[in-house]
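Q: how would this look folded up:
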Amino acid sequence: MKLPSNPDPGPYRNPHAPDPDPDPSLRHLLDRAILVEQRVRRAVHARQLTDPAPDDAFRGLYLTDETIHRLLEHGRHLTVTAPDDTDAAFLAEAEARADAAQAADHPTRLRTLTHDFSLSALDVEILLIALVPDLDDRFEQFYGYLNDDVTRRRPTIGLALGLCGLSAADAAARSRLSPQAPLRSGSLLLTEDQDRPFLARTLRVPDRVTAHLLGDDTPDPRVVDLLAPWGDIPGVGDPSGLARALAAGVPLAYLREEQGGAGTALAASALTRAGHGVLGVDLDRLSRDPDPTEAVRVLAREARLTTSGLVCAPLDALTREPDKAEIIRLVTDVSFPTVPTVLVGRVPWDAAWSSRPPLLLHAPRVEPTTRAALWANASPSPVPPNLDLTHLLSPFLLTPDQIAGAARGAAQAALLDGGALHPDHIRAGARSQNAAGLDRLARRTEPAVTWSDLVLPPDTLTQLRELTARARHRDRVLGEWGMRPGGGRGRGVTALFAGDSGTGKTMSAEVIAGDLGLDLYTVDLATVIDKYIGETEKNLERIFSEAAGINGVLLFDEADAVFGKRSEVKDAHDRYANVESAYLLQRMETFDGLAVLATNLRANLDDAFTRRLDLVVDFPLPDAPHRRALWDRCLGPVLPRATDLDLDFCAASFELAGGNIRSVAVTAAYLAAESGTPVTMPVLIHAIQREYQKLGRLTLASEFGPYMSLLTDG
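A: As a prediction, this is how the structure comes out:
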């Protein structure tokens, strides 16, 4: 910004515009800045006339009068700092141009800022006085000269009031710079040097506000890591009701959703329909911010500068720890009532979280057909027509933004494998959206077995496939068809696998997870059981809560240790044990995921659990034909076998479960590797003997028959 070269130009003209039609917003800002410049000219001239020590020997430590004259290019010499008639004429001309731009549907940013932050005329003048050092670096020296301190290169409160022609004792004027006033409450103006007297405190306009007035809306670096691109995700469901409420001035809403809900997308669509932009806020990151108070103020300012509403999720991140819940009040209070705010989460709303009662709504779940459409829309490359996305995505409960992330991940995996998108890429992309919290509480297994690896009776296999079908079609049956209404029941699928150790329960859970494209999470009961009263329930609640954020199969092995029968109350221990069981009964019923309980002792489970289970699958010990298949399967096609192996004899004579047969096969493989020979019958008999020793069984001639002589003494 150049100073006018004419020392007496009459009505001021903007010398900055290179052409007759500059950007109206920038022209308006510079026009107003020129008015500040004229006041500074008069203030500097008045300061020069009253300089008490023009011959000071230490003048070299600060700006001289000659330097100021040179910077001002011998401008007008007025002795007052208040606006004069010429200023008024120029201001009227500048505002007339802004009126014309607004009438042409090109409102200037300074005008919009004035309206959106409810600024008075004095507020705008003070803001501009604080702003001009960021538009023209000469003002650093001007203000240093006027402050009589070259190290203080921004205006002080006293200087700003003086340039506006106001007394430093004017209470009304001073109130415009209080923390509750629009300039400071909206974070448009910062006061620094708080240890100094009020009039000596420095005024500074944040860089983000300056950039906005100049036409740049890059988000503030202070909060860029807290932002989430939820405004870019297509909406799901009908946002018209929420949009009407927001347009009518409802400042706060809470959308409660289930796993795979469309809360953030619905909120973004509603804000867009109501005429607002969308600013997504990741509350999980905000909860870890070192100064959430400052972050929320900057977020609110960001929303107001861009005429946006806030979509804040997940609310659950602020409710896990009691001290974090205060951030909810901070978000709702700082943004109220100027910024429409929509919170999204899975937890019930607590009235203590905010003094502002929100509009409470329920966000719909993203149904399978919608998931397919969102995936196809977000995929960087076209989805092959032979892929049934609806079928592939039916087991996964994903939000719209998770679907977008999964689609991009699958496309990248496809590029790595040659470019063609396969079902495995889609499943892997969907699994990549799982939260990592459950990994600390359960052991994650990526399935590596299929239906062909199972050797089970036909009825057991049929029940397992029925369980898979339940998991795949639960949204249609329980959601669209409403086959589980009311009572707070979830859409989870729960099954009990009962049978002796080694009969294939864990392997079957892995096969089901693999068929659905999910990971298997095996709960470590050592992280659950606690001798202190109430701690076991807390541990289980953490597991169920984390499981709600993942798409996987949750396996409780040895489930009877946790899900045991309630008993008659004879002492305090019985009472608390029954409370624990009652809690589990309720929690299982509200669980939304796929859970498998595995037990060797079905009789130890409480009968109430059985009613809440979708399927009870019995795993019997294998009979001779199944054992024959297991022997062949466990030895595998690669392990070298001698011609003398009599697997028919092994299947008929040794009543072993599949897990034991697998253990025998591995032991035989090690023995063969050590001896450098194929697996022979003596090697296999020796491995069986070792397994019997592990099981504590006697080696009877009736079982080993003609191979009894091969047994060793050790």
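Q: could you check how far the spatially most central residue of the chain is from R431?
A: With distances taken as CA atoms, centre = their mean, D282 lies nearest the centre of the chain, 4.9 Å away. Distance, D282 to R431, using CB to CB, to the nearest Å: 21 Å. Yep, even glycine has a C-beta here, placed from its N, CA and C like the rest.
Q: next: L656.
A: Separation of L656 from R431 (CB to CB) stands at 35 Å.
Q: how about the contacts made by the residue nearest to L389 when sequence neighbours are not counted?
A: Leaving aside its sequence neighbours, L389 sits nearest to A372 (CB to CB, 6 or more residues apart in numbering; 3.6 Å). For A372, the contacting residues are 389-390, 393, taking CB atoms under 8 Å, 6 or more residues apart in numbering as the criterion.
Q: pLDDT wise, what is A372 at?
A: Looking at A372, its pLDDT stands at 90.
Q: rewinding a little: so the residue nearest to the centre of the chain is in contact with L315, correct?
A: No: with contact defined as CB atoms under 8 Å, D282 does not reach L315; the gap is 11.5 Å.
Q: ok so, going back, now list the buried members of the contacts of A372.
A: Buried members of the contacts of A372, scored by 16 or more other CB atoms under 10 Å, are 389, 393.
Q: need the contacts of A372 in TSV (columns: distance to G409).
A: Formatted as TSV, the contacts of A372 follow (distance: CB to CB, whole Å):
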residue	distance to G409
L389	15
T390	19
L393	14
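Q: rewinding a little: distance of the residue nearest to the centre of the chain relative to A317?
A: Note on D282: its distance to A317, by CB to CB, is 8 Å.
Q: before we move on, what about N386?
A: N386 sits 40 Å away from A317, going by CB to CB.
Q: on that earlier part again, which of the contacts of A372 fall in helices?
A: Mapping the contacts of A372 onto helices (DSSP state H) picks out 389-390, 393.
Q: stretch 174-184: end-to-end distance?
A: Its first and final residues considered, stretch 174-184 spans 12 Å by CA to CA, to the nearest Å.
Q: buried ones in it?
A: Buried residues in stretch 174-184, counted by 16+ other CB under 10 Å: 174, 176-177, 181-184.
Q: and the residues you listed, which two are the farthest apart?
A: The most widely separated members of the buried residues of stretch 174-184, counting by CB to CB, are R174 and P182 (14.4 Å).
Q: tell me the mean pLDDT for stretch 344-361?
A: Mean predicted confidence for stretch 344-361 is 91.
Q: if you could redo that for stretch 96-105, that was the one I meant.
A: Stretch 96-105 shows a mean pLDDT of 80.
Q: which ones are touching A270?
A: 239-240, 242-243, 246, 342.
Q: for the helix or strand hosting the residue nearest to L389, what is the distance to the chain centroid?
A: A372 is located in helix 368-378, with elements delineated by DSSP states H and E. With CA atoms, centre = their mean, to the nearest Å as the basis, helix 368-378 stands 20 Å off its chain's centre.
Q: give the buried residues for that helix.
A: 368, 370-375, 378.
Q: stretch 193-210 now?
A: By neighbour count on 16+ other CB under 10 Å, the buried set for stretch 193-210 is 199, 201-206, 208-210.
Q: likewise stretch 23-42?
A: Using 16+ other CB under 10 Å as the test for burial, stretch 23-42 gives 23-42.
Q: quick one: which of those residues sit in helices?
A: Going by DSSP H, the helices hold 24-42 from the buried residues of stretch 23-42.
Q: so N386 and A317 - more neighbours on which side?
A: Shown here are N386 and A317; by other CB atoms under 10 Å, A317 has more neighbours (19 against 6).
Q: what's around D238, how many residues?
A: Other residues close to D238 by other CB under 10 Å number 12.
Q: doesn't it lie inside a helix?
A: No: counting by DSSP: H, G, I helix; E, B strand; the rest coil, one finds D238 to be coil, located in no helix.
Q: for it, what are phi and psi?
A: phi -100, psi 110 (degrees, to the nearest 10).
Q: I'd like to know how far it sits from R628.
A: In terms of CB to CB, D238 sits 59 Å off from R628.
Q: how far does stretch 690-699 sit from its chain's centre?
A: Centroid displacement of stretch 690-699 relative to its chain, using CA atoms, centre = their mean, is 53 Å.
Q: go on, stretch 688-695?
A: Distance of stretch 688-695 from its chain centroid, counting by CA atoms, centre = their mean, is 52 Å.
Q: so what touches it?
A: 650, 654, 656, 660, 663-664, 667, 698-699, 711-712.
Q: return the subset of the residues you listed lying in helices.
A: Among these, the members falling in helices (DSSP H) are 650, 660, 663-664, 667.
Q: can you put these in JSON lines and add neighbour count and pLDDT?
A: Converted to JSON lines, the ones in helices among the contacts of stretch 688-695 look like this (neighbours: other CB atoms under 10 Å; pLDDT from 0 to 100):
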{"residue": "C650", "neighbour count": "22", "pLDDT": "95"}
{"residue": "N660", "neighbour count": "23", "pLDDT": "94"}
{"residue": "S663", "neighbour count": "20", "pLDDT": "95"}
{"residue": "V664", "neighbour count": "26", "pLDDT": "96"}
{"residue": "T667", "neighbour count": "19", "pLDDT": "96"}
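Q: pick the one among those residues closest to F336.
A: Taking the ones in helices among the contacts of stretch 688-695 together and measuring to F336 by CB to CB, the closest member is S663, at 64.9 Å.
Q: could you chop the chain up by domain?
A: 24-213, 224-362, 368-433, 451-619, 624-710 (automatic domain parsing).
Q: between these, which one is closest to A442.
A: Closest approach to A442 among the domains of the chain is made by domain 451-619 (4.1 Å; CB to CB).
Q: identify each buried residue in stretch 417-434, please.
A: Within stretch 417-434, the residues scored as buried using 16+ other CB under 10 Å are 421, 425-431, 433-434.
Q: endpoint to endpoint, that stretch covers what distance?
A: Termini of stretch 417-434 sit 22 Å apart (CA to CA).
Q: helices of the stretch 601-714 of the chain, residue ranges please.
A: Here the stretch 601-714 of the chain has its helices, by DSSP state H, counting those that start in this stretch, at 607-612, 624-635, 647-653, 658-675, 681-695, 701-704.
Q: show the average pLDDT along the shortest one.
A: The reference is to helix 701-704. pLDDT averaged over helix 701-704 gives 89.
Q: for the fifth one, same thing?
A: Here the mean pLDDT over helix 681-695 is 93, rounded to a whole number.
Q: can you check the second one too?
A: When pLDDT is averaged along helix 624-635, the result is 94.
Q: so it versus helix 658-675, what angle?
A: Angle of helix 624-635 versus helix 658-675, following axes from the mean of the first three to the mean of the last three CA atoms, to 10 degrees, is 40 degrees.
Q: great, nothing more from me.
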